[in-house]
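S.K.: here is the input, now give the coordinates:
(2 chains, ligands or ions: 1)
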Amino acid sequence: MHGSHGDLDLSIENVAKIEGHTNLDIVVRGGQVMDVKLKISENKRFYTQAIRGKPFASMPQLVSRICGTCSIAHLTCCIEAVENALHFDPSPQTTLLRRLALAGLMIRDHALHLYFFSLPDVLGIDSVLELADSNPALVKTAFEVKAAGNALSTLVSGRAIHGTIQMVGGFANVPTREQSAAVLAKLKAVRPAVLDLIKVYAEWPETFLSESNYVALVTQNYDFLEGEIMDSRGVCVPEKHFWNHLNRVIIPYSNATGFQFEGQPYKVGALARMNLNRGKLHRDTRASASDSLKLFPSKNVFHNNLAQAIEVLHCLDSAVEILESTDFRKEPVPRLAPRAGEGIGVIEAPRGILYYLLELDKAGNVVWGNLVIPSAQNQINMERDIGDFLPKLLGQPKEEIAYALEKLIRAYDPCMSCATHFLKVNWL
Amino acid sequence: MAAPKKLRVGIFSFTGDEGCVITLLEALNYKFFEWKDKIDIVYARTLRSKNDASNLDLAFVEGAISAPAEEAKLREIRANSKVVVAIGTCAINGLPSAQRNNFPDGLKKEIQPLVQKLGQFERMKAPTEVVKVDEQVPGCPMLETGFVQVVEKYIAQMEVG
Ligand code: SF4
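M.R.: Below you'll find the predicted structure:
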């Protein structure tokens, strides 16, 4: 068999249970890993070009369509960039609503990943749907946690996918007391299930230690919105200078561009945030997840799942606190006067730092835009991790190696829809 | 007695942002248990690794068609499915994912080398232009209620006859 000869040619077509399309090609000769190619194969939709010439007010709805699952992140980041370009500061209530919108997004998106993409790897099954008869309680829980996030997003953004209420300047509508109460009940009801989920991922023995530089937006109350970009070594960069610390790396076989931070591969996402910012989690989360939090800082790639599970709890706790203590009042959305200039938005999307630079002309139309997407930033690091993980697997049957690598890729929670749609054309 | 019949359902993503499939999964939050003895999701790469796209009763198709491989796959789905449902505007008229079709000439020229290099069609197509589509669920993302209605219509048909 190939394993005993130390030779292996492996092609995984279209990795399942992730967002979007990607292939992986591997060549091993004489026990040496010769080649690892992660090929992001999503077709392009040319958003970088599509935004040019469009009025700033139409931007949020346009960029929302870059990614279905994390559309709220694109909306929010784009709005921040436009508001910065127009020298506008949102009201405190607007900021609070944006925090809630991101919390709803994190709960729904992480729940989809944790229950539907990664949990089958923990349980050694192909799909959670297989458990409909043998463990209906688990399947029910999975849908309920996801639904609670959806309810929060719907409350604040109008709907979970391509929400219409969030605009440049503010929110077209605000939750009423009654609406908030209904969502509060749903959020509180799923808290015990989320604690169970954290336990499952804390106890999952799957381990691969990776020496990575973690980079995240470190925020005051772990709100994904405002702060400074930091890395594991203590480098600290203000949001607006992030781009100056990046290198764009052309990966000829991938439809997405890769990035380096300070000349090195790096990793963004829940594990990076947890490693760098866990002291700022909600106090109730810190109390309830104290045992699991002891596992951080962690180099275990699979702990990205655990970090996501803890973030689900944090988002629940933060949202409950905000909803219980706030009476939202309808504020008119200001009509912002156009002016020429550049604006930058940086937030934490579910999969890591999202960066928008938009330049507007004096009529308020977009001249050009530059977007840095989480899964593109992780690409080089993910490929390197696959190459480092592989020698530990050699000798096993091919299917097992493929399965182990897919698990690793899923732990990264890549989103290929996002990764491919900002590419510059002059890359040849 | 024969085993109770279930509708064989497939979920397919072409060039889009997967927002319609995510919406479909949101509908399952409250419909899954009601439907679980009536539908069998046999193809859905977001939910499983082992997929089977043969003999489908209902095929849900999301996204626009940007390359020959996608077109071939869509034709195969059509040949293997009783009912093909276009979900979302990308699958119905191509937009927003096919927006490059409407780019002004300058922009079209700019992206041309990349379109060619990636082997994408000069002009993106909507699935409805490529194959006969039996049902459409409009919206971007697709209307959740519209999707539920389509599934329930075919469940009802199956149960009648
Ligand atoms: S119709 Fe809208 S939500 Fe659906 S795939 Fe296209 S862009 Fe995404």
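
S.K.: packing partners of the helix or strand containing A:V156?
M.R.: Following DSSP states H and E, one finds A:V156 within helix A:136-157. Using 3 or more CB pairs under 8 Å, 6 or more residues apart in numbering or on different chains; DSSP states H and E as the contact criterion, the neighbours of helix A:136-157 among helices and strands are helix A:71-85, helix A:92-111, helix A:177-203, helix A:303-325, helix B:19-35. Quick note: C-beta positions are derived from backbone N, CA and C, even for glycine.

S.K.: look up how far A:L155 lies from the closest residue to A:L316 other than its chain neighbours.
M.R.: Residue nearest to A:L316 in three dimensions, not counting chain neighbours: A:L187, with 5.2 Å by CB to CB, 6 or more residues apart in numbering or on different chains. Separation of A:L187 from A:L155 (CB to CB, to the nearest Å): 10 Å.

S.K.: quick one: strands adjacent to the next helix or strand along the chain from the helix holding A:V156?
M.R.: Next in sequence after helix A:136-157, counting helices and strands by DSSP H and E, comes strand A:166-167. Here strand A:166-167 has these sheet partners by DSSP bridges: strand A:170-171 (antiparallel).

S.K.: report the mean confidence score over the partner strand.
M.R.: For strand A:170-171, the per-residue pLDDT values average out at 97.

S.K.: can you tell me, leaving aside adjacent residues, what's nearest to A:P391?
M.R.: A:V33 (6.4 Å).

S.K.: residue of chain B nearest chain A, please.
M.R.: For chain B, the residue closest to chain A is B:G19, as judged by CB to the nearest CB, at 2.6 Å.

S.K.: which SS class is the closest residue to that residue other than its chain neighbours?
M.R.: Spatially, and ignoring its direct neighbours in sequence, B:G19 is nearest to A:G68 (2.6 Å; CB to CB, 6+ apart). In the three-state summary, A:G68 is assigned as coil, counting by DSSP: H, G, I helix; E, B strand; the rest coil.

S.K.: ok, A:V28 next?
M.R.: Recorded secondary structure, A:V28: strand (three-state DSSP).

S.K.: I'd say it and A:V36 touch.
M.R.: No: shown here, A:V28 and A:V36 do not form a contact pair, counting by CB atoms under 8 Å, at 9.4 Å.

S.K.: any chance you could map the strands in chain B?
M.R.: In chain B, the segments counted as strands under DSSP state E are B:7-13, B:39-44, B:56-62, B:81-87, B:135-137.

S.K.: what angle do the fourth one and helix B:19-35 make?
M.R.: Just to be clear, that refers to strand B:81-87. 130 degrees (axes from the mean of the first three to the mean of the last three CA atoms, to 10 degrees).

S.K.: buried stuff in strand B:81-87?
M.R.: Neighbour counts over strand B:81-87 (16 or more other CB atoms under 10 Å in any protein chain shown) mark B:S81, B:V83, B:V84, B:V85, B:A86, B:I87 as buried.

S.K.: okay, those in JSON lines with pLDDT next?
M.R.: Below are the buried residues of strand B:81-87 laid out as JSON lines (pLDDT from 0 to 100):
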{"residue": "B:S81", "pLDDT": "98"}
{"residue": "B:V83", "pLDDT": "98"}
{"residue": "B:V84", "pLDDT": "98"}
{"residue": "B:V85", "pLDDT": "98"}
{"residue": "B:A86", "pLDDT": "98"}
{"residue": "B:I87", "pLDDT": "98"}
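
S.K.: and those residues near the ligand, which?
M.R.: Among the buried residues of strand B:81-87, no residue is within reach of the ligand (CB under 6 Å from any ligand atom).

S.K.: just the closest of the residues you listed to A:P265, please.
M.R.: The shortest approach to A:P265 among the buried residues of strand B:81-87 belongs to B:I87, at 37.4 Å (CB to CB).

S.K.: the nearest residue to A:A182 once chain neighbours are set aside: what's it in contact with?
M.R.: Take A:A182 and drop its neighbours on the chain: the residue closest to it by CB to CB, 6+ apart is A:A151, 7.6 Å away. Residues in contact with A:A151 (CB atoms under 8 Å, 6 or more residues apart in numbering or on different chains) are A:G104, A:A182, A:V183, A:K186, A:L187.

S.K.: among those, who's most crowded?
M.R.: Ranked by neighbour count under the definition other CB atoms under 10 Å in any protein chain shown, those are headed by A:G104 with 27 neighbours.

S.K.: surely that residue is in contact with A:K146?
M.R.: No: at 10.9 Å, A:G104 does not count as touching A:K146 under the criterion of CB under 8 Å.

S.K.: what's the first helix or strand after the worst-scoring helix or strand of chain A on mean pLDDT?
M.R.: None of the helices or strands of chain A scores lower by mean pLDDT, DSSP states H and E than helix A:2-5, at a mean of 48. Per DSSP H and E, the first helix or strand lying C-terminal to helix A:2-5 is strand A:8-12.

S.K.: for the ligand, what's the nearest residue on chain A?
M.R.: A:R65 (4.3 Å; CB to the nearest ligand atom).

S.K.: doesn't B:P96 make contact with that residue?
M.R.: Yes: with contact defined as CB under 8 Å, A:R65 counts as touching B:P96 (4.9 Å).

S.K.: these two: which has the busier surroundings?
M.R.: Set A:R65 next to B:P96 and count neighbours by other CB under 10 Å: A:R65 wins out with 27 against 23.

S.K.: just the pLDDT for the spatially most central residue of chain B.
M.R.: Here the mean C-alpha position of chain B is nearest to the C-alpha of B:V61 (CA atoms, centre = their mean), at a distance of 0.8 Å. Note on B:V61: pLDDT of 98.

S.K.: now do A:S417
M.R.: 64.

S.K.: which residues sit in contact with A:N304?
M.R.: Counted by CB under 8 Å, 6+ apart, A:N304 has contacts A:G269, A:A270, A:L271, A:A411, A:Y412, A:D413.

S.K.: and stretch B:89-96, is it in reach of the ligand?
M.R.: Yes: Stretch B:89-96 lies within reach of the ligand by CB under 6 Å from any ligand atom, at B:T89, B:C90, B:P96.

S.K.: mind listing which of those residues are in helices?
M.R.: Among the residues of stretch B:89-96 next to the ligand, DSSP state H puts B:T89, B:C90 in helices.

S.K.: A:L371: which of the residues of stretch B:89-96 next to the ligand is nearest?
M.R.: Closest to A:L371 out of those is B:P96 (16.1 Å), distances taken as CB to CB.

S.K.: any weak-confidence spans in chain B?
M.R.: B:1-3 (pLDDT under 70).

S.K.: just the stretch 151-300 of chain A next, same as before
M.R.: For the stretch 151-300 of chain A, no range has pLDDT under 70.

S.K.: give me every residue in it lying close to chain B.
M.R.: Neighbours of chain B within the stretch 151-300 of chain A, by CB under 8 Å from any CB of the partner chain: A:A160, A:I161, A:H162, A:N255.

S.K.: got the contact list for the second one?
M.R.: Neighbour list for A:I161: A:G68, A:T69, A:S71, B:G19, B:I22, B:T23, B:E26, B:P141 [criterion: CB under 8 Å, 6+ apart].

S.K.: go again with 7 Å.
M.R.: A:I161 makes contacts with A:G68, A:S71, B:G19, B:I22, B:T23, B:P141, as judged by CB atoms under 7 Å, 6 or more residues apart in numbering or on different chains.

S.K.: same list (those residues) but as TSV, adding neighbour count.
M.R.: Listed next are the contacts of A:I161 as TSV, based on neighbours: other CB atoms under 10 Å in any protein chain shown:
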residue	neighbour count
A:G68	28
A:S71	29
B:G19	28
B:I22	25
B:T23	26
B:P141	29
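
S.K.: output those residues in CSV; the columns should cover distance to A:K280.
M.R.: Converted to CSV, these look like this (distance: CB to CB, whole Å):
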residue, distance to A:K280
A:G68, 29
A:S71, 26
B:G19, 31
B:I22, 29
B:T23, 33
B:P141, 33
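
S.K.: and the angle from the strand or helix carrying A:L217 to helix A:92-111?
M.R.: Per DSSP H and E, A:L217 falls inside strand A:215-219. Angle, strand A:215-219 to helix A:92-111, by the same axes, to 10 degrees: 140 degrees.
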